[in-house]
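> sharing a sequence plus its predicted fold:
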Amino acid sequence: MFDSILNIAHKDERIHAVLLSGSRINLNAIKDIFQDYDIVYVVKETKSF
């Protein structure tokens with residue numbers, strides 16, 4: 001999964017960075033069925049998306 005996320009960023013010159021957050025990243029978060037990853041692509045502009 002992470003390879004796919006990074007491949008998208010590498011192939012698109014509009015993407016400048018990738019951030020990963022969410023409850024599954026937070027080691028202090030209480031584990032439950034709702035834990036997830038949040039992926040943020042950092043771009044200069046959003047109109048072309």
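Looks like it arrived, so ask away.

> three-state assignment of H16?
Here H16 is recorded as strand under DSSP: H, G, I helix; E, B strand; the rest coil.

> ok, what's across the strand from the spatially closest residue to it that is not a sequence neighbour?
Take H16 and drop its neighbours on the chain: the residue closest to it by CB to CB, 6 or more residues apart in numbering is V42, 5.0 Å away. Yep, even glycine has a C-beta here, placed from its N, CA and C like the rest. Applying DSSP bridges to V42 gives these bridge partners: A17.

> what distance do you get for M1 to I39?
Computed with CB to CB, to the nearest Å, the distance linking M1 and I39 is 10 Å.

> can you show me the strands along the protein?
15-21, 38-43 (DSSP state E).

> and the longest one, which residues are buried?
If you call a residue buried by 16 or more other CB atoms under 10 Å, then strand 15-21 has no buried ones at all.

> repeat that for the shortest one.
Of the residues in strand 38-43, Y41 count as buried by neighbour count, 16+ other CB under 10 Å.

> now render the strands of the chain as a markdown table, adding mean pLDDT.
Listed next are the strands of the chain as a markdown table, based on pLDDT from 0 to 100:
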| stretch | mean pLDDT |
| --- | --- |
| strand 15-21 | 96 |
| strand 38-43 | 97 |
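
> in TSV, list these along with distance to I8.
Below are the strands of the chain laid out as TSV (distance: least, CB to CB, whole Å):
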stretch	distance to I8
strand 15-21	7
strand 38-43	8
